[in-house]
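> one predicted model, sequence on top.
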Amino acid sequence: MYRHCLQLFCLSGLSSMPVCEVKRRFVLLYGSQKGQAQSIAEGVAEEAGDHGLVAELSCLDNSEKYNLEKETAPVVFIVSTTGDGEPPDNALGFVKRIKRKTLASDHYKHLCYALLALGDTNYANFCNCGKTIEQRLQELGAKQFYPTGYADDGVGLEVVVDPWLDGLWEAIKEALSKMTSDSTGYLNVDAGASPKETADSSPPDIQLNLLSITDCQNCELKTEAKDAEVAHVTLAASLTHSLPPLSELALNVPLLPPPYLDVSLQEAETTEQVSIRENLHEVPISKAVQMTRGDSVKTALLLELDISACPMMTYQPGDSFDVFCSNRATEVEDMLHRLGLYDKRNHMVHICLLKDTKKRGAQVPSYIPQNISLLYLLTWCLEIRSVPKKAFLRALLEHTADGVQRRRLQELCSKQGAADYNLYVRDPSLSVLELLTAFPSCSPPLSILIEHVPKLQPRPYSAASSCRRHPGKLHFVFNLVELPACSVRPVWRRGLCTGGLFDLINPVLVFPGKTESSSKAALPKIHVSWRPSCSFRPPADLSVPFIMVGPGTGVAPFIGFLQQRYGKQEHPEATFGETWLFFGCRHRDRDYLFREELEGFVSSGTLNHLKLCFSRDGHEEDADGATDSVTRCRYVQHNLLCNSQSITDILLKQNGRLYVCGDAKNMAKDVNDALVEMMKTALGRDQLEAMKTLAALREDKRYLQDIWG
Ligand code: FAD
Ligand code: NAP
């Protein structure tokens, strides 16, 4: 049934490899934003030898290190998803390449693959990057040799990752053993054979979600409620107390994640000045302006950074960049006290792997530098505000003395307690510190924290300026995030980065109506790094008409677009396509961001149509014509619908583009729905056809989104 290949040595990259090596070889490719997919892939590479296999590990953007066009060995992909279903930065190029329409439908006919997709069901488009790669591989003729795993960071990646890895080794060996060569000299694997299948069996269910397997496998503890010391009588459920039926149920609790780090503290000098990341710039803030009036619902602030000393930072409109913020000093101090380590805060942290750890592919976190103090670790390396995952709660159980508290932690990480976990942990964004405060008998060792608390992430912001208009300067605008007090958090708190930035600039802030700050205090510096965008750019061809939709701070990149375009007079010979901006905020007089600048763009002809809506003013007005009162236009999408003829003409007849920036959860979805409606009317077609048209526009990079939430 299977023809074995005798032509291995003709194939690219294999000429010097002995046959036995070739038969054990597989290609392992990862795309990773925060390092999780990379770390899993590195673990697989390390373990391959134990299974008699040789892994060729590459990052997807190292395209010179692998060649899928000629690859004959099984290929394993491990990819995460970021933002609103985007590929990680280091997989962008690969995804773009395989999406080329010119590729023939048998382009990857010779390829057999397995894929592990990482995602988070708390965000839109779960595992979208993995799904996109998988769909494209299949469209191009590649064959799957092992069902895809979809791991959810929302409940703990390991729930799917561990069983998926368990089955992977046999699957690779089986795929290797089934390799045959066809007349072209390429190796083939029998179509769709899954690890446990014979060659004649039917293809696997490629959408198999391994969560269903693990639901029944991961039930180590079956805890009877009567065993727990539920002595308190509670009137209402809360983070720390449950009510029947949950308090009386037997629980399915996840397996204890194997500990893997050996952490010790040494009284020694540390070399504290460690850089948090390569290509990081420390840049001065040259201006800080409050853009909203004191009585507005949200406070929007504009920062101007002086980047003149960083010639590498030449940004384009549409780019965003990362701001590195530290954890708040007071929270770090509280955490040190809570861990009983305040007196050792200046000790050096020494981290190595536990000798007998059972954790697969365990590694010391690469984002924790050597020779740092405990204070530095908690300030710059761990996101101590992060929401504890269920696996973390499970690990904390082992270090909780009080029976009632233990039972509640069991409930919160159990299958039966999923609703309570969402209500008291996930939805209010409960932090690790808040959890430890609520469960005082829990005394976790530092190692557990390092194993479970994720890396402190930088926060991205869109550039709200153009280098052309502001040479050596970079502007960005943000809303001060405020999380209200609630049952799990008696005191409201600010977002980590926006709150930290506010504290920094508060003394030097320029208030609305003023041109400079009343304070002579020195302007502070912040750490930033670049993250260029691939496609969220204004059209290079000035004659292409485009539409921008950006309510609230979502207007930021469009200020950069328009600044870049400003100065039509410099190109008297050029034809300029029409520009439209749909902006919305709550009140014209309180939070209309960039008002003067936008009106200036209209006067100069840079912006042809400025469509405004004020969601909480009693009346609205069509801004460019100041004509009729369009009372139904509360939000940007209502204004889009009022102008549907012009918009559909631009998109369907004039080859124009549409950009959307801002809130992903509500606004971007509603704008999309409005576009579907407009397409239905314009095309005289049904919902499905309208959606297909929009999908084609997206594919063509003519409907572009930069959204978050
Ligand atoms: P965190 O401490 O991270 O947030 C705490 C909690 O608040 C989160 O768990 C979340 O549930 C909630 N939260 C987060 N953001 C909001 C919000 N806006 N309103 C209500 N609740 C929230 N933001 C801008 O203001 N301007 C920009 O130009 C901008 N550009 C971005 C570009 C990209 C590519 C991306 C991915 C995001 C962008 N953001 C922008 C969002 C920004 O990166 C931060 O997420 C935001 O400023 C909150 O950061 P924080 O550390 O203050 O809040
Ligand atoms: P916002 O203050 O939340 O809202 C601005 C306006 O949008 C308000 O008038 C609001 O009205 C209205 N609105 C509410 N729901 C809407 C809906 N479903 N459809 C259309 N409009 C709606 O704006 P913001 O705080 O600046 O939020 C923008 C979000 O985008 C933030 O989360 C920010 O972090 C993010 N952001 C992302 C990027 C990026 O990804 N590149 C860039 C900038 C900002 P009401 O309140 O009256 O309902």
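Received, thanks. Ligands and ions are numbered 1, 2, ... in the order given.
> over to the residue positioned nearest the centre of the chain: give its phi and psi.
In the chain, the centroid-proximal residue (C-alpha atoms, centre = their mean) is residue 82; its distance is 3.1 Å. Backbone torsions for residue 82, taken as degrees, to the nearest 10, come to phi -130, psi 170.
> the spatially closest residue to residue 315 that is not a sequence neighbour and ligand 2: what is the separation?
What sits nearest to residue 315 in space, not counting adjacent residues and going by C-beta to C-beta, 6 or more residues apart in numbering, is residue 463, at 5.3 Å. Using the backbone N, CA and C atoms, a C-beta is placed for each residue, glycine as well. From residue 463 across to ligand 2, the span is 10 Å (C-beta to the nearest ligand atom, to the nearest Å).
> show the model's pLDDT score for residue 463.
Residue 463 carries a pLDDT value of 96.
> same thing with residue 453?
96.
> repeat that for residue 524.
We have a pLDDT of 90 for residue 524.
> and the residue nearest to residue 315, what is it in contact with?
Residues in contact with residue 463 (C-beta atoms under 8 Å, 6 or more residues apart in numbering) are 315, 317-321, 474-476, 556-557, 560.
> give me the subset of these touching ligand 2.
Contacts with ligand 2 within the contacts of residue 463, as defined by C-beta under 6 Å from any ligand atom: 320, 556.
> which PyMOL command selects the buried ones in the contacts of residue 463?
Of the contacts of residue 463, the buried ones can be selected in PyMOL as follows, counting by 16 or more other C-beta atoms under 10 Å:
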select buried, resi 315+317+318+319+320+321+474+475+476+556+557+560
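> got the contacts of residue 463 as JSON lines, with pLDDT and secondary structure columns?
Output for these, formatted as JSON lines (pLDDT from 0 to 100; DSSP: H, G, I helix; E, B strand; the rest coil):
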{"residue": "315", "pLDDT": "91", "secondary structure": "coil"}
{"residue": "317", "pLDDT": "93", "secondary structure": "coil"}
{"residue": "318", "pLDDT": "94", "secondary structure": "coil"}
{"residue": "319", "pLDDT": "93", "secondary structure": "coil"}
{"residue": "320", "pLDDT": "92", "secondary structure": "strand"}
{"residue": "321", "pLDDT": "93", "secondary structure": "strand"}
{"residue": "474", "pLDDT": "96", "secondary structure": "strand"}
{"residue": "475", "pLDDT": "97", "secondary structure": "strand"}
{"residue": "476", "pLDDT": "97", "secondary structure": "strand"}
{"residue": "556", "pLDDT": "98", "secondary structure": "helix"}
{"residue": "557", "pLDDT": "97", "secondary structure": "helix"}
{"residue": "560", "pLDDT": "97", "secondary structure": "helix"}
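> returning to what we had before: tell me the contacts of the residue nearest to the centre of the chain?
33-34, 88-89, 129 are the contacts of residue 82 under C-beta under 8 Å, 6+ apart.
> by pLDDT, rank those and give me the bottom one.
Across the contacts of residue 82, the bottom pLDDT score, 82, is held by residue 34.
> correct me, but that one touches residue 455?
Yes. Under the criterion of C-beta atoms under 8 Å, residue 34 makes contact with residue 455 at 6.3 Å.
> got the residues of this structure near ligand 1?
On the criterion C-beta under 6 Å from any ligand atom, ligand 1 has as its neighbours in the chain the residues 83, 320, 385, 429, 459-462, 476-479, 481, 483, 495-499, 553, 556, 708.
> so which bits of stretch 584-604 are buried?
Buried residues in stretch 584-604, defined by neighbour count with 16+ other C-beta under 10 Å: 584-588, 590-594, 597-598, 601-602.
> what are the phi and psi values for residue 285?
phi -80, psi 130.
> quick check: closest non-adjacent residue to it.
Excluding its sequence neighbours, the residue lying closest to residue 285 (C-beta to C-beta, 6+ apart) is residue 523, at 4.9 Å.
> contact partners for residue 261?
By C-beta under 8 Å, 6+ apart, the neighbours of residue 261 are 351-354, 362, 364, 447, 450-451.
> tell me the mean pLDDT over stretch 659-668?
Taken as a whole, stretch 659-668 carries a mean pLDDT of 93.
> okay, how far is it across that stretch, tip to tip?
End-to-end distance of stretch 659-668 (C-alpha to C-alpha, to the nearest Å): 10 Å.
> report the distance from that stretch to the chain centre.
Mean-position distance between stretch 659-668 and its chain equals 15 Å (C-alpha atoms, centre = their mean, to the nearest Å).
> same thing with stretch 327-345?
28 Å.
> and what of stretch 598-609?
In this view, stretch 598-609 has its centroid 35 Å away from the chain centroid, taken as C-alpha atoms, centre = their mean.
> please write out the alpha-carbon positions of that stretch in CSV.
Extracted in CSV, the C-alpha atoms of stretch 598-609 (Å, rounded to 0.1, in the frame of the first residue of the first chain):
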residue,chain,number,x,y,z
LEU,A,598,-9.9,67.9,12.1
GLU,A,599,-11.7,71.1,11.2
GLY,A,600,-8.4,72.4,9.8
PHE,A,601,-8.2,69.3,7.6
VAL,A,602,-11.6,70.0,6.3
SER,A,603,-10.8,73.6,5.5
SER,A,604,-7.5,72.7,3.7
GLY,A,605,-9.3,70.1,1.6
THR,A,606,-7.2,67.2,3.1
LEU,A,607,-10.4,65.7,4.5
ASN,A,608,-13.4,66.0,2.2
HIS,A,609,-16.1,64.6,4.5
